[in-house]
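# The sequence isn't on hand, but the structure is:
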């Protein structure tokens, strides 16, 4: 029997991706060399790109719809942390020679699901082949009022440090997935795994940070590492109370009394929460924002002047003693982040 | 001896990529979660993304600076074909574990060279690791007057079909590189190889097509294939005179009297020229444009109504007989393009 004919990239685009541009005329149905996008009057475009790689960032048996949705959401999380509203995205997809069209169909179905959830559209991309693993590169476009973006570098001494939602679930979920953490019960395991597999970027809360937060960053490399990025950009330091860091019921159950697991929660990646700083006077408005958005927001520490020789982020335990970390967050290439 | 410490992605970004953002404040020196970009008043943003993969799109021993420059230029070619002026780009770079920092340095030097040549800036990106080959995904941003983009779908019956520069050099250069074409002399070989390795996108001519061309597309998959895309989008067909298609001296020398090589030139990819259509009355202005821009522009055929059952692009030889092609252009996954 002849080998079944592989679909060309034109087939894949026409069948699975062109329909995702519906409602965005500037995408020209993926039938042109380039797409057109402009911010609404008074706004500017905010752009972010992030790549996920098969066998590095997701397992080969991860459902393709989840791969697609996570690839979108990690970008939307960055936009949200800046106060921007997601609007559109470009997609580069590299497929190995062995790919099956059903995988692409499932991948596109995941995109469609999140397009509906976030009100965004596919506006362009590139589909090609690779001798390596699947590669998904997303470039996300958001909008924010002109000149009002919440930057990493705006923190001020005396600011309170806040974090949304809960921290450490995804890192503990990764431990569960790897079999290095035996969760106390099935419900805990499934909650932690779900937090790993499908982030919920804080897109509803993010835009409300404009005019409220002095500095902000999304928590993707790990709370300590990302807060250090914020401190570096601001030329300041932070002191965090470990016991104040919000943990889910599941994380508490998984951590128990294991100090190593707690450190793991504070430094593990993939939370896709927002850590931000705001002056003490903003407290009532932040409480109101949390109520209105339905997103928990927790004060976890404060911004201080950087002291020569001291780490930019100091995490204190219940006795006020510094918690020491072997590694402060996820890096590629196995290198340690700059201190 | 301990293994030398690998640079982290933070090291690579700080040393090689952050300097490339200088002069573009919205990039925030790559020290934030996202970049900001907006078109000038009266303009809109035009976006295009394209991925190149090591061992698929370039050989492992290709100098990294050339990899970088070609990755940028293929995107600028699409922008130029739409009438847009390149302005900025995002870069996703995946590196295998064995990468050497000198490769990254050479790659960044190539980017710097083309930033100077095209007046563009790096504004963001993602650097990560892969078990597969090097992957370079570029998203390019251009600007064009609002609503004036030259689309693929605007051709009209009776339009003349024009192409810039010369066609087929890169495809013949690929044959030289593969050793399947023995060029008549070293000068011919080096010209054809250079055309393959470093495209010259028509960025100076492109913006002048606004208000002049009815439809336009860049020639990347091959003249016949790309013109077919234009015809599909326009709901029309094209008739091309093979002898009118502009060939370089080197291509003429390499082709000689070999009809197969001529077909290869007409269908091979990587030309990065522009094929466009314009009404006959535009001829004097197109001649003037060619003179002013210094880019040869050649009339090669005309746009006609599509006939049921006939190919959308008919190429006629010197006796007016249709030239037949086994393949009409480059596709990924080995599939044939839709007809």
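Received the coordinates, thanks. Note that the coordinates shown come from a computational prediction; the quantities given were computed from them, not determined experimentally.

# for the residue of the stretch 101-250 of chain A found nearest chain B, phi and psi?
Closest residue of the stretch 101-250 of chain A to chain B, Cβ to the nearest Cβ: residue A:132 (1.6 Å). The way it works is simple: take the backbone N, C-alpha and C, and place the C-beta from them, glycine included. For residue A:132, the backbone dihedrals (degrees, to the nearest 10) come out as phi -100, psi -160.

# What about the residue nearest to it when sequence neighbours are not counted, how many residues nearby?
With Cβ to Cβ, 6 or more residues apart in numbering or on different chains as the criterion, residue A:132 has its nearest non-adjacent residue at 1.6 Å, and that residue is residue B:132. When neighbours are counted by other Cβ atoms under 10 Å in any protein chain shown, residue B:132 registers 23.

# Also residue A:280?
Residue A:280, neighbours per other Cβ under 10 Å, totals 10.

# Surely the residue nearest to residue A:132 touches residue B:94?
Yes - counting by Cβ atoms under 8 Å, residue B:94 is a contact partner of residue B:132 at 7.5 Å.

# joint contacts of the two?
Between them, residue B:132 and residue B:94 share these contacting residues under Cβ atoms under 8 Å, 6 or more residues apart in numbering or on different chains: A:53, A:135.

# Now do the residue nearest to residue A:132 against residue B:188, distance only.
Noted for residue B:132: a distance of 35 Å to residue B:188, by Cβ to Cβ, to the nearest Å.

# Residue A:161 now?
In terms of Cβ to Cβ, residue A:161 sits 66 Å off from residue B:188.

# Equivalent analysis for residue A:45, please.
Applying Cβ to Cβ, the value for residue A:45 to residue B:188 is 46 Å.

# between residue A:161 and residue B:188, who's got more neighbours?
residue A:161 (26 against 21).

# which ones are touching the more buried one?
Contacts of residue A:161 by Cβ under 8 Å, 6+ apart are A:227, A:238, A:240, A:275-277, A:299-303.

# among those, which are in strands?
A:238, A:240, A:275-277, A:299-303 (DSSP state E).

# so where's chain A shaky on pLDDT?
A:1-5, A:327-339 (pLDDT under 70).

# Contacts only, for residue A:50.
A:71, A:74-75, A:78, A:137-138, A:140, B:92, B:126.

# Let's see that with 10 Å instead.
Residues near residue A:50 by Cβ atoms under 10 Å, 6 or more residues apart in numbering or on different chains: A:57, A:70-78, A:136-140, A:220, B:92, B:124-126, B:128.

# Show the buried residues in those.
A:57, A:70-78, A:136-140, A:220, B:92, B:124-126, B:128 (16 or more other Cβ atoms under 10 Å in any protein chain shown).

# Mind checking which of those land in helices?
Assignment to helices by DSSP state H places the following of these there: A:70-78.

# and the stretch 151-300 of chain A, which residues reach chain B?
A:151-153, A:215-218, A:220-221, A:225-226, A:229-230, A:232-233, A:274 (Cβ under 10 Å from any Cβ of the partner chain).

# Distance check, residue A:39 against chain B.
6 Å (Cβ to the nearest Cβ, to the nearest Å).

# Now neighbour count too, for the ones in strands among the contacts of residue A:161, in a markdown table please.
Shown next, in a markdown table, are these (neighbours: other Cβ atoms under 10 Å in any protein chain shown):
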| residue | neighbour count |
| --- | --- |
| A:238 | 26 |
| A:240 | 22 |
| A:275 | 27 |
| A:276 | 31 |
| A:277 | 29 |
| A:299 | 16 |
| A:300 | 23 |
| A:301 | 24 |
| A:302 | 17 |
| A:303 | 25 |
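
# which of those lies closest to residue B:263?
Distances from residue B:263 to those, taken as Cβ to Cβ, are shortest for residue A:275 (60.1 Å).

# The closest one: what's it in contact with?
Contacts here follow Cβ under 10 Å, 6+ apart; on that basis residue A:275 touches A:81, A:161-164, A:167, A:213, A:215-219, A:223-224, A:226-227, A:229-230, A:238, A:240, A:300-301.

# Turn the buried ones among those into a named PyMOL selection, would you?
A single PyMOL command selects the buried members of those (16+ other Cβ under 10 Å):
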select buried, chain A and resi 81+161+162+163+164+167+213+215+216+217+218+219+223+224+226+227+229+230+238+240+300+301
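
# Tell me which of the contacts of residue A:275 fall in strands.
Going by DSSP E, the strands hold A:161-164, A:215-219, A:238, A:240, A:300-301 from the contacts of residue A:275.

# how close does residue A:103 get to residue A:111?
Taken as Cβ to Cβ, the span from residue A:103 to residue A:111 is 13 Å.

# So for these two, which residue has more residues nearby?
Shown here are residue A:103 and residue A:111; by other Cβ under 10 Å, residue A:111 has more neighbours (25 against 16).

# Columns distance to residue A:252 on top of the contacts of residue A:161, output as JSON lines?
Output for the contacts of residue A:161, formatted as JSON lines (distance: Cβ to Cβ, whole Å):
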{"residue": "A:227", "distance to residue A:252": "21"}
{"residue": "A:238", "distance to residue A:252": "23"}
{"residue": "A:240", "distance to residue A:252": "18"}
{"residue": "A:275", "distance to residue A:252": "20"}
{"residue": "A:276", "distance to residue A:252": "24"}
{"residue": "A:277", "distance to residue A:252": "26"}
{"residue": "A:299", "distance to residue A:252": "19"}
{"residue": "A:300", "distance to residue A:252": "16"}
{"residue": "A:301", "distance to residue A:252": "20"}
{"residue": "A:302", "distance to residue A:252": "24"}
{"residue": "A:303", "distance to residue A:252": "27"}
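
# What is the nearest of those to residue B:15?
Nearest to residue B:15 among the contacts of residue A:161, counting by Cβ to Cβ, is residue A:227 at 23.6 Å.

# contacting residues for residue A:185?
Contacts of residue A:185 by Cβ under 10 Å, 6+ apart are A:191, A:250, A:253-254.

# Correct me if wrong: residue A:45 contacts residue A:82.
No - counting by Cβ atoms under 10 Å, residue A:45 stays clear of residue A:82, with 11.4 Å between them.

# Provide the partner residues of the nearest residue to residue A:133 once chain neighbours are set aside in its beta bridges.
Nearest residue to residue A:133, sequence neighbours excluded (Cβ to Cβ, 6+ apart): residue A:54, at 3.5 Å. Beta-bridge pairing of residue A:54, defined through DSSP bridges, involves residue A:58.

# Check whether residue A:54 really touches residue A:71, as I assumed.
No - applying Cβ under 10 Å as the test, residue A:54 and residue A:71 come out as separate, 11.2 Å apart.

# what touches both of the two?
Contacts common to residue A:54 and residue A:71, judged by Cβ under 10 Å, 6+ apart, are residue A:136.
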